[in-house]
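*Asks:* sequence first, predicted model second:
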Amino acid sequence: MSHNHVHITKNNVKANNLVYSILLNLLITISQVVGGIISGSLALISDALHNFSDVLSLVFSLVAHKLSRRKASIEHTFGYKRAEILAAFVNASTLIIVALILIYGAINRFIHPEPIKSTLVIWLAVLGIFANGFSVILLKNDADHNLNMKSAYLHLLTDMMASVAVLVGGLLMKFYGWFWVDSVMTILIAIYLIVVGFDLVIKSTKMLMLFTPEHIDIKEIVREVHKIEGAGKLHHIHVWYLNEEEIHLEAHLDCPEDFTLTQFDEVLNNIEKVLFEKFGINHTTIQPEFKKEDPKEFIVQD
């Protein structure tokens, strides 16, 4: 079995930005818990709960980021490269769980409304907007090319939006006495959390389940490989994300001739070049065969 590996340029994710965001969210969480208890605002306590989930998710993202940089070993031949995908899945799942808890509490408060000290709610919401906004700016660039960082970024972005909603609700309560707005804002925050969390859960689940990347057409891969001189029938194909930086392909190649290893290496190099340049596949493992009796379908259940 021949195996080729294209050099991968790793994205330089800044772990220090996660540390700063963790500290900021700890400050917000403590402030909002105290303020929510004093003011009686469920939306503020809900926002604090979301902030605390942010702290946990950011810590998890930081740990996963550190683990993903560890070198492979005999015991862990892939290292911990999938740690960040796992972190993204867990973080996205917590977004949905927190949202369901918020909806339950909001409905209960809507049925049994209580007066709220809106001035404190307003000032703490402003604190949340600025602190989370700064954290969002810190993680924005990394979120564009790293699923783990995107999950942390979405936690912070939704929390900033939650603080905006709390601020609007606080102003309406202060000037109009609409205390029911607290529950409505909480439900709106929760619905948004479910929407963004679900999308990320789907993406990370597909990676964890080793599904074929959405942008890759296996039939097109076969057509391109079959154009290469000396390449026979490509079959028994698997394509998957190891992590966001590595797309792996393994397959069998039914060679038309009884090649020498040198001849096969030339064919393999051409295959690798096509796979990388046209499909972004940077890790290729191909098992050469000659007149071997085995299934020749593109996809074969192992």
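*Replies:* Thanks, I have it. Numbering: from 1, shown residues only.

*Asks:* state the mean pLDDT of stretch 130-150.
*Replies:* If you average the pLDDT over stretch 130-150, you get 82.

*Asks:* how near is residue 140 to residue 282?
*Replies:* Counting by CB to CB, to the nearest Å, the gap from residue 140 to residue 282 is 26 Å. C-beta coordinates here come from the backbone N, C-alpha and C atoms, glycine included.

*Asks:* which one's more surrounded, those two?
*Replies:* Shown here are residue 140 and residue 282; by other CB atoms under 10 Å, residue 282 has more neighbours (20 against 15).

*Asks:* I figured the more buried one hits residue 247, correct?
*Replies:* Yes. At 6.1 Å, residue 282 counts as touching residue 247 under the criterion of CB atoms under 8 Å.

*Asks:* poorly predicted segments of the stretch 201-302 of the chain, please.
*Replies:* The model of the stretch 201-302 of the chain has pLDDT under 70 over residues 302.

*Asks:* strands of that one, start to end?
*Replies:* Along the stretch 201-302 of the chain, the stretches classed as strands by DSSP state E, counting those that start in this stretch are 233-243, 246-254, 283-289.

*Asks:* out of those strands, which gets nearest to residue 129?
*Replies:* Smallest distance to residue 129 across the strands of the stretch 201-302 of the chain (CB to CB): 33.4 Å, for strand 233-243.

*Asks:* who does the closest one touch, helix- and strand-wise?
*Replies:* Using 3 or more CB pairs under 8 Å, 6 or more residues apart in numbering; DSSP states H and E, the elements in contact with strand 233-243 are helix 83-111, helix 181-208, helix 218-226, strand 246-254.

*Asks:* distance to residue 51 for these - can I get that in a markdown table?
*Replies:* Listed next are those as a markdown table, based on distance: least, CB to CB, whole Å:
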| stretch | distance to residue 51 |
| --- | --- |
| helix 83-111 | 10 |
| helix 181-208 | 12 |
| helix 218-226 | 43 |
| strand 246-254 | 34 |
